[in-house]
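Participant: here you go, sequence then predicted model.
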Amino acid sequence: MHSDRLYQLALWLTPGVGDMLTRLLMAHCGSAEAVFKLPPGKLQKIRGIGDLLSRNIAAKSTFVQAEQLLEQALREAVEITAFNEEGYPQRLKSVYDAPALLFSKGKGSVNPVRSVGIVGTRRASEYGKKITEEIVEQLVPYRAAIISGLAYGIDITAHKAALKHDLPTFGVMANGLDLVYPAVHQKTALQMQEKGGLFSEQTLGTQPDRRFFLDRNRIIAGLSDVVIVIESAVRGGAMGTAEYANNYNRDVFAVPGNLTSPNSEGCNSLIARNKATIFTSVPQMIETLGWQENGEPLKMPTLDLSRFSQEESQIIRLFRDSGAMHVDDLAWKSQLPMSRLASLLLNLEFQGFIKSLPGKVYGLA
């Protein structure tokens, strides 16, 4: 594994490669080691790889840096996991722009039964903090892991509430895991690692940077089954997380707020634009998600498929097997023309067998 990880890091660190090409090359060649052993002429023929990149890879100039990073990760008790490995979070693995390598610390399972992303403004009001604490408390029977960004305001309130109620909680960092930012959350970050943990796509030694905060929002969304936006300005970072969640076909809820409050502009906008379901209570959200207590999935009642056409039965089976999904995913899995699929979905919805969710997502009623 040390040898595999060395090749993975060396490839990922190669100038011009990064996440997307690391994933492409490893998938194409079978492993990072095989990439480095491929002749430059063959490398150039791979889509997205030109003469410059093939020469950068062939130079193998990043192996010393990769070795140093491995040693530092060992000292800092940081795990490094590639996207194609078993220890990589399954939820995150399913998104199209997942990090090729993920850095993590902590003892919690990276694949909790349920996961709820809770995000919002750093300038949270007392009302926003109170709502966050109440939501987390009411999620205890469902044993949901709480995902957030360890920032001031809503984020840290969610993490602390999870710790208070003995729920696993994970923080996604916009810097290397050898430091905690903001530093005042160091104690909370340590406590989180007992049953949850920390994630980052940034290499050790990376300092916080604005663009990294924007990137980490996609990881929060990718790790979550559902994202709840508590309070947010219309251009807040939480809005970016909600956008990613919609792109990943995650459920999104937003807490409505006072029309005159800047902290409510983002949430109200998400609801108005059908980018989020209005959040009124945890039971309302749980009913929409189809959860029941102790993290056990709801048992679907037996349905006689003989009453449906072959195409309708196919759609219902897909929902049973995969849960709610975006109409584009359903079209791909069913191989039905979009016009025909739209007609079938409308008919099934009129009969009360399926329901339409925000973001062109459908599921069984």
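Facilitator: Sure, I can see it.

Participant: surely residue 40 is in contact with residue 53?
Facilitator: No - contact criterion Cβ atoms under 8 Å: residue 40 and residue 53 do not qualify, at 9.8 Å. Heads up, the C-betas are built off the backbone N, CA and C, glycines and all.

Participant: more neighbours, the two?
Facilitator: Counted by other Cβ atoms under 10 Å, residue 40 and residue 53 do not tie: residue 53 has more neighbours, with 20 against 14.

Participant: got a list of what that one touches?
Facilitator: Contacts of residue 53 were listed using Cβ atoms under 8 Å, 6 or more residues apart in numbering, and they are 14, 16-17, 21, 43.

Participant: dihedrals phi and psi, it?
Facilitator: According to degrees, to the nearest 10, the main-chain angles of residue 53 amount to phi -70, psi -40.

Participant: also residue 165?
Facilitator: Dihedral angles of residue 165 (phi, psi; degrees, to the nearest 10) stand at phi -100, psi 20.

Participant: quick one, what contacts it?
Facilitator: By Cβ under 8 Å, 6+ apart, the contact list for residue 165 reads 136-137, 140.

Participant: same question, residue 18
Facilitator: 12, 100.

Participant: on that earlier part again, who wins for most neighbours among the contacts of residue 53?
Facilitator: Among the contacts of residue 53, the one with the most neighbours (other Cβ under 10 Å) is residue 14, at 25 neighbours.

Participant: count of residues packed around the closest residue to residue 82 other than its chain neighbours?
Facilitator: Among residues not flanking residue 82 along the chain, residue 8 sits closest, at 5.1 Å (Cβ to Cβ, 6 or more residues apart in numbering). Around residue 8 sit 25 other residues, with neighbours defined as other Cβ under 10 Å.

Participant: please apply the same query to residue 28.
Facilitator: Residue 28 has 16 nearby residues by other Cβ under 10 Å.

Participant: quick check: which element contains it?
Facilitator: Secondary structure from DSSP states H and E places residue 28 in helix 18-29.

Participant: and the next helix-or-strand element following that helix, what's buried?
Facilitator: Downstream of helix 18-29, the next assigned helix or strand under DSSP H and E is helix 32-37. Neighbour-count burial for helix 32-37 flags 32-33, 35-36 (criterion: 16 or more other Cβ atoms under 10 Å).

Participant: and residue 117, that one's in a helix?
Facilitator: No - per DSSP: H, G, I helix; E, B strand; the rest coil, residue 117 lies outside any helix segment and is strand.

Participant: now it. Nearest residue, chain neighbours left out?
Facilitator: residue 224 (3.3 Å).

Participant: and residue 179, which of the three is it?
Facilitator: coil.

Participant: so who does it touch?
Facilitator: Applying Cβ under 8 Å, 6+ apart, the residues contacting residue 179 are residue 207.

Participant: for residue 76, see how far away it is.
Facilitator: 10 Å (Cβ to Cβ, to the nearest Å).

Participant: check residue 66 too.
Facilitator: Counting by Cβ to Cβ - residue 66 and residue 76 are separated by 16 Å.

Participant: what does residue 185 give?
Facilitator: Taking Cβ to Cβ, one finds residue 185 at 17 Å from residue 76.

Participant: among the two, which residue is more densely surrounded?
Facilitator: residue 185 (19 against 14).

Participant: residue 148 is in contact with the more buried one, correct?
Facilitator: No - counting by Cβ under 8 Å, residue 185 does not reach residue 148; the two are 11.0 Å apart.

Participant: got any residues that touch both of these two?
Facilitator: Shared contacts of residue 185 and residue 148 (Cβ under 8 Å, 6+ apart): residue 156.

Participant: hey, where'd the helices end up in the stretch 251-365 of the chain?
Facilitator: For the stretch 251-365 of the chain, the helices defined by DSSP state H, counting those that start in this stretch occupy 262-272, 282-289, 310-322, 327-334, 338-350.

Participant: make TSV from those helices and add mean neighbour count, distance to residue 202 and mean pLDDT to it.
Facilitator: Conversion of the helices of the stretch 251-365 of the chain to TSV gives the following (neighbours: other Cβ atoms under 10 Å; distance: least, Cβ to Cβ, whole Å; pLDDT from 0 to 100):
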stretch	mean neighbour count	distance to residue 202	mean pLDDT
helix 262-272	22	26	96
helix 282-289	16	31	94
helix 310-322	15	32	83
helix 327-334	16	30	82
helix 338-350	14	39	88
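
Participant: reformat those as CSV; add distance to residue 360.
Facilitator: As requested, these are exported to CSV (distance: least, Cβ to Cβ, whole Å):
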stretch, distance to residue 360
helix 262-272, 15
helix 282-289, 16
helix 310-322, 15
helix 327-334, 5
helix 338-350, 10
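
Participant: of the ones you listed, which is nearest residue 28?
Facilitator: Relative to residue 28, the nearest member of those by Cβ to Cβ is helix 327-334, separated by 21.9 Å.

Participant: the closest one - contacts with which helices or strands?
Facilitator: helix 310-322, helix 338-350, strand 361-364 (3 or more Cβ pairs under 8 Å, 6 or more residues apart in numbering; DSSP states H and E).

Participant: alpha carbons of the first one, in CSV - could you do that?
Facilitator: Taking C-alpha atoms only, helix 310-322 is exported to CSV below (Å, rounded to 0.1, in the frame of the first residue of the first chain):
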residue,chain,number,x,y,z
GLN,A,310,-43.7,-3.1,-18.9
GLU,A,311,-42.2,0.4,-19.0
GLU,A,312,-44.0,1.5,-15.9
SER,A,313,-42.9,-1.6,-14.0
GLN,A,314,-39.3,-0.9,-15.1
ILE,A,315,-39.5,2.6,-13.7
ILE,A,316,-40.9,1.5,-10.4
ARG,A,317,-38.2,-1.2,-10.1
LEU,A,318,-35.5,1.4,-10.7
PHE,A,319,-36.9,3.6,-7.9
ARG,A,320,-37.1,0.6,-5.6
ASP,A,321,-33.5,-0.4,-6.3
SER,A,322,-31.9,3.1,-6.4
